[in-house]
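Enquirer: sequence and predicted model, in that order:
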Amino acid sequence: ESRVLGDVYKRQEYGGVGEEEFVDLVPWLLGTMQSEIGIIERSGAAQGLAEVIAALPPSRFQNDLLPRILTNSDAVKASTRQGYMEIFQFLPHSLKERFHSSLPQVLPIVLKGLSDEAEYVREVALKAGQAIVNEYAFTSTDVILPALEEGLYDDNWRIRHSSIQLLGDLLNVLCASDNIDEKKDLSVILNDDRGNSMLAALYLLRSDPSSPVRQLAIHVW
């Protein structure tokens with residue numbers, strides 16, 4: 001229901017109906033995202049809000065909604081963290097290039113979510129990271145790589161593990177494109193100080209104290 005309403009609003013907005021005609025929709029979606037009614041309902045509300053945001057003025061998102069989303073993604077209640085983290089799965093698809101400028105703010109929150117004490121928050125954070133990597137691998141490599149590099153050196157093994165997984169996803173996207181103009185060679189992607197540092201970290205992580213980290217580092221290497 002939440003997702004459908006969001007899509008209806010988006011279609012209505014493109015047809016000339018503004019937010020004033022749906023004055024209660026955004027507060028309702030935000031409230032549902034932090035409610036206790038269930039994971040599916042919170043996820044649906046997040047997807048619906050992502051559709052609504054795509055039809056709102058950029059300033060409404062940047063100045064009002066994004067700060068609230070970032071704050072609640074680190075809330076005390078796990079259900080609230082999950083609900084608000086969910087939206088980062090959907091914003092890359094709904095906003096496309098408009099979301100690029102928000103990545104420096106969003107990526108640290110997503111990476112932190114990878115070590116959340118609640119498993120369902122960790123799962124959502126990983127899906128959000130994968131959505132970001134898949135959407136912006138070609139256009140925002142310079143933003144994504146520094147965040148992943150920091151994750152590779154993190155003290156928390158879950159963050160190291162997920163950062164390796166996201167790095168592998170990124171490299172696969174960059175190297176597997178069917179478009180010859182988009183396909184990139186690894187030597188081009190990683191042929192600088194940061195690339196050398198990340199490769200060195202990945203090499204060392206093959207001997208990580210954590211077995212899951214070791215195994216994944218070997219696989220990606």
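Expert: Looks like it came in fine.
Enquirer: ok, now how distant is the residue nearest the centre of the chain from Ser43?
Expert: Nearest to the mean C-alpha position of the chain, counting by C-alpha atoms, centre = their mean, stands Ala128 at 3.2 Å. Taking C-beta to C-beta, to the nearest Å as the measure, Ala128 falls 12 Å from Ser43. Using the backbone N, CA and C atoms, a C-beta is placed for each residue, glycine as well.
Enquirer: ok so, going back, within the helices and strands, which one has the residue nearest to the centre of the chain?
Expert: helix 119-136 (DSSP states H and E).
Enquirer: elements contacting that helix?
Expert: Contacts defined by 3 or more C-beta pairs under 8 Å, 6 or more residues apart in numbering; DSSP states H and E place helix 119-136 against helix 78-95, helix 103-113, helix 141-152, helix 157-175.
Enquirer: nearest to Ser59 among those would be which one?
Expert: Ser59 sits nearest to helix 78-95 of all those, at 13.6 Å, using C-beta to C-beta.
Enquirer: now the element after the lowest-mean-pLDDT helix or strand in the chain, going C-ward?
Expert: Using mean pLDDT, DSSP states H and E, helix 2-14 stands out as the lowest-scoring helix or strand of the chain, at a mean of 47. Going down the chain from helix 2-14, the next helix or strand is helix 25-33, by DSSP H and E.
Enquirer: so how far is that following helix from its chain's centroid?
Expert: 20 Å (C-alpha atoms, centre = their mean, to the nearest Å).
Enquirer: which helices and strands does it pack with?
Expert: For helix 25-33, the packing partners by 3+ C-beta pairs under 8 Å, 6+ apart are helix 2-14, helix 39-55, helix 78-95.
Enquirer: thinking again about what came up before, any idea which of the helices and strands packed on helix 119-136 is most buried?
Expert: Among the helices and strands packed on helix 119-136, ranked by average contacts under mean count of other C-beta atoms under 10 Å, first place goes to helix 78-95 (a mean of 24).
Enquirer: could you list the low-pLDDT ranges of this structure?
Expert: Along the chain, segments meeting pLDDT under 70 span 1-22, 177-192.
Enquirer: the same query, at a cut-off of 80, please.
Expert: In the predicted model, the chain carries pLDDT under 80 at residues 1-23, 174, 176-196.
Enquirer: can you tell me what sits against stretch 84-100?
Expert: Stretch 84-100 is contacted by residues 33-34, 42-43, 46-47, 49-51, 53-54, 58, 61, 69, 72-73, 75, 102, 106, 109-110, 113, 121, 124-125, 127-128, 131-132, 134-136, 139-140, 143 when judged by C-beta atoms under 8 Å, 6 or more residues apart in numbering.
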